[in-house]
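Colleague: Sequence first, predicted model second:
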Amino acid sequence: MTVLSVVLLVLGGWVVFTFNGLIKLRNQVANAFRQIDVQLKRRHDLIPNLVESVRGEMKFEKETLERVIQARAAAVSAGQGGNTGDILAKEGMLTQALGRLIAISENYPNLKANESVKTLMEELTHTENQIGFSRQFYNDVVTKFNTEQQVFPTNMFAAMLGFAPAALWELPADSPERENPKVNLTV
């Protein structure tokens with residue numbers, strides 16, 4: 001066996017090993033995104049029940065309830081085939097609308113005493129925490145995948161093998177999710 005054959009064999013083995021590693025990471029990125037999707041679906045399923053439970057008590061907060069309903073509808077439609085950026089933007093609007101609803105509901109003693117509302121709020125809070133953890137895990141996997149593509153010598157072959165960096169789940173600078181909900185109860 002010649003030196004050239006050995007070099008080509010080693011290089012070929014390295015390319016196969018690198019390719020398989022990138023495939024594994026790309027699949028982990030897809031799985032992590034689907035885990036976020038599972039939590040978002042749970043969130044979307046909880047919201048109509050919560051809105052119906054608080055609607056009677058929050059007669060003066062019709063605008064807040066309508067914003068939650070509209071934001072949920074936009075988030076659900078974005079999740080059906082939308083890109084990550086669109087999903088992120090719509091989910092950010094929903095998070096802001098929910099934050100306002102939760103903040104306002106604190107000022108309604110009947111709601112705070114209502115067991116079904118309390119249970120729904122706890123489930124929603126738990127789901128929001130799960131979404132946060134899922135986003136963090138997704139970003140960790142995406143960072144690992146992207147880093148693997150950018151380090152030498154993989155960076156010379158990753159694009160040729162059909163790999164592209166994945167988008168991190170991050171908030172745009174002008175995202176409404178960066179703002180604290182503004183509550184005005186002087187109506």
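Modeller: That came in fine, so what should we check first? As the structure is a computational prediction, the values presented were derived from the model and not from experiment.
Colleague: Quick one: neighbours of Asp140, just the number.
Modeller: By the measure other Cβ atoms under 10 Å, the count of residues near Asp140 is 13. Backbone N, C-alpha and C define where each C-beta goes, glycine included.
Colleague: how near is it to Ser134?
Modeller: Look at Asp140 and Ser134: by Cβ to Cβ, to the nearest Å, they are 11 Å apart.
Colleague: do Thr95 as well
Modeller: For Thr95 relative to Ser134 (Cβ to Cβ), the value is 14 Å.
Colleague: repeat for Phe157
Modeller: Taking Cβ to Cβ as the measure, Phe157 falls 31 Å from Ser134.
Colleague: neighbour count winner among those two?
Modeller: Counted by other Cβ under 10 Å, Phe157 and Ser134 do not tie: Ser134 has more neighbours, with 20 against 15.
Colleague: And what about the more buried one, helix, strand or coil?
Modeller: helix (DSSP: H, G, I helix; E, B strand; the rest coil).
Colleague: same deal with Ala158?
Modeller: In three-state terms, and counting by three-state DSSP, Ala158 is coil.
Colleague: quick one: contacts for it?
Modeller: Thr18, Leu22, Glu148, Gln149, Gln150 (Cβ atoms under 8 Å, 6 or more residues apart in numbering).
Colleague: Filter these down to just the ones in strands.
Modeller: Using DSSP state E, no member of these sits in strands.
Colleague: So which of those are in helices?
Modeller: Among the contacts of Ala158, the residues falling in helices (DSSP state H) are Thr18, Leu22, Glu148, Gln149, Gln150.
Colleague: Would you mind measuring from the closest residue to the fourth one other than its chain neighbours to Ala32?
Modeller: Using Cβ to Cβ, 6 or more residues apart in numbering and skipping the chain neighbours, the partner closest in space to Gln149 is Ala158 (4.1 Å). Counting by Cβ to Cβ, the separation of Ala158 from Ala32 is 19 Å.
Colleague: can you check Lys41 too?
Modeller: Distance from Lys41 to Ala32, by Cβ to Cβ: 15 Å.
Colleague: For these two, indicate the residue with more neighbours.
Modeller: Set side by side, Lys41 and Ala32 show more neighbours around Ala32, with 22 against 13, by other Cβ under 10 Å.
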